[in-house]
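**Student:** Need the 3D shape of this:
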Amino acid sequence: QLQLVESGGGLVQPGGSLRLSCAASGFTLRSYAIGWFRQAPGKEREGVLCLDVSGGIIKYADSEKGRFTISRDNAKNTIYLQMNSLKSEDTAVYYCAARHYYCSGLSDYDYWGQGTQVTVSS
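**Tutor:** Residues are numbered from 1 along each chain as shown. Purely as a prediction, here's the structure:
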């Protein structure tokens, strides 16, 4: 069974950092593009960053302004989202999603995790 599981969310103060993990089971991430998406209360789900099989990175929006980085550990079959200088507006449920080879729009992803809550608040 193909599955993505996010972890690493939590409560952090403004200016703090978190590293989210997206672990895959049932398939190898090596052949997939992995996107990170987020959905804030009352808002539509939006893309954050995506990493494709060749190492290319897509920034879906300018909101992260270089504060976030995406990386892959093939040995652990895991994708990471490092988030620094967090702001209250980064509060959302963060999801990872996978599709073959290359990044694309939200609706083109085949597999989704259950999400992990990130709350930025003092």
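
**Student:** Kindly indicate whether Arg30 is helix, strand or coil.
**Tutor:** With DSSP: H, G, I helix; E, B strand; the rest coil as the basis, Arg30 sits in helix.

**Student:** quick one: contacts for it?
**Tutor:** Arg30 is in contact with Val53, Asn74, counting by Cβ atoms under 8 Å, 6 or more residues apart in numbering. Every residue, glycine included, has its C-beta placed from N, CA and C.

**Student:** can you rerun that using 7 Å?
**Tutor:** Residues counted as contacts of Arg30 (Cβ atoms under 7 Å, 6 or more residues apart in numbering) are Asn74.

**Student:** what's the answer for the one 3 residues further on, then?
**Tutor:** If a contact means Cβ under 7 Å, 6+ apart, then Ala33 has Cys50, Leu51, Asp52, Val53, Arg99, Tyr101, Tyr102, Cys103 as its contacts.

**Student:** Quickly note the distance from Lys65 to Ser122.
**Tutor:** Going from Lys65 to Ser122 by Cβ to Cβ, to the nearest Å gives 21 Å.

**Student:** Tell me the pLDDT of the closest residue to Thr28 other than its chain neighbours.
**Tutor:** Leaving aside its chain neighbours, Thr28 sits nearest to Asn77 (6.2 Å; criterion: Cβ to Cβ, 6 or more residues apart in numbering). The per-residue pLDDT reported for Asn77 equals 95.
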